[in-house]
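A.B. asks: Got a predicted model here, sequence first, then my questions.
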Amino acid sequence: MSLVDDRGVAVTLTQSPRRIVSMLPSLTETVCALDACERLVGVDTWSNWPAAAQSLPSVGGLEDANVERIVALKPDLVLLAKSARVTDRLEALGLKVLTLEPRSMKDMERVLGQLGRVLDREAEAVALWQQLDTSMDRVAAALPAGARGKRVYFEAGSGPYAASASSFIGETLARLGAINVVTGALGPFPKLSPEFVVRADPQVIMVGDRNAVALAARPGWERIDAVKSGRICVFTPAQGDVLARPGPRMAEGAGIMADCLKDKFK
């Protein structure tokens, strides 16, 4: 088979791979959700779901991939993010590389279909996407009217980096009837100035526990509606993993965000 990856490179496979190294948690989770977890022989540092992934050899991350360890695992395919620095080196060593980095729901559907082809699980991929889509609709339908139409700021990382309306997180918020204060025109995950958020004045702030500690101490943030009203949802590391990965747990992530909105606007 031949397919074009996220670099725009045509990748040809003579057979469905049996030994796969996955260097992105969302791809690890998707491979396992397509009932091909047994084909994984190595994963990146952050791949911690499902439980089967935790027992696999760790080969580092985007910035510190252990090339020697990857080669030693003798993979017939390495799944990488487009932003990975090690792609050219792995290809130079003769390894087959496929870069896939979903950033929107449309990307997720496409990547799921591509992995379905690669793994000879095309029917399963279609069924999984339909299940995800239906489950997210179900979560949205259960959200009370009083929790809809709220201005939300979702902080995706220190910087601060936000999840804009064009990211899969922003698209999930839109399905929940929320108004993302960061427009999609800025890119899926733009780096913002703290003043931007002050001017946007969100009614709800969603943030991981690592970034929440000094939130109120940021200059001017005490004037933000969400801070004044205490409408800040702080996610645990486990919840943060679910929310940050465009994969088979996206409906669970929608549920986490819906619970936040329901709690803050009872």
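C.D. replies: Arrived safely, thanks for sending.

A.B. asks: wait, what's in contact with the residue nearest to Ile179 when sequence neighbours are not counted?
C.D. replies: If you skip the residues right next to it in sequence, Ile179 has Arg151 as its closest partner in space, 4.9 Å away by Cβ to Cβ, 6 or more residues apart in numbering. In this view, the C-beta of every residue, glycine as well, is placed from N, C-alpha and C. Residues counted as contacts of Arg151 (Cβ atoms under 8 Å, 6 or more residues apart in numbering) are Ala178, Ile179, Val181, Ala200, Asp201, Pro202, Gln203, Val204, Asp225.

A.B. asks: Can you tell me which of those are buried?
C.D. replies: Buried by 16 or more other Cβ atoms under 10 Å: Ala178, Val181, Ala200, Pro202, Gln203, Val204, out of the contacts of Arg151.

A.B. asks: Kindly list the main-chain dihedrals of the fifth one?
C.D. replies: Comment: the main-chain dihedrals of Gln203 come out as phi -90, psi -20, following degrees, to the nearest 10.

A.B. asks: separation between it and Val182?
C.D. replies: Between Gln203 and Val182 the computed distance is 14 Å (Cβ to Cβ, to the nearest Å).

A.B. asks: Over to the last one?
C.D. replies: Counting by Cβ to Cβ, the gap from Val204 to Val182 is 13 Å.

A.B. asks: where do the contact lists of these two overlap?
C.D. replies: Counting by Cβ under 8 Å, 6+ apart, the residues touching both Val204 and Val182 are Tyr153.

A.B. asks: mind listing the helices in this protein by residue range?
C.D. replies: Remark: helices assigned in the chain by DSSP state H are 25-33, 51-54, 67-72, 87-92, 105-118, 122-141, 168-175, 194-200, 209-212, 225-229, 237-244, 250-264.

A.B. asks: In CSV, could you pull the C-alpha coordinates for the fifth one?
C.D. replies: The C-alpha atoms that make up helix 105-118 are tabulated as CSV, following Å, rounded to 0.1, in the frame of the first residue of the first chain:
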residue,chain,number,x,y,z
MET,A,105,-11.1,16.4,14.5
LYS,A,106,-10.8,16.2,10.7
ASP,A,107,-7.2,15.2,11.2
MET,A,108,-8.2,12.6,13.7
GLU,A,109,-10.7,11.0,11.4
ARG,A,110,-8.1,11.0,8.6
VAL,A,111,-5.3,9.6,10.8
LEU,A,112,-7.7,6.9,12.1
GLY,A,113,-8.5,5.9,8.5
GLN,A,114,-4.8,5.8,7.6
LEU,A,115,-3.9,3.7,10.5
GLY,A,116,-6.8,1.4,9.7
ARG,A,117,-5.3,0.8,6.3
VAL,A,118,-1.8,0.3,7.6
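
A.B. asks: For it, what does the pLDDT average out to?
C.D. replies: For helix 105-118, the mean pLDDT works out to 95.
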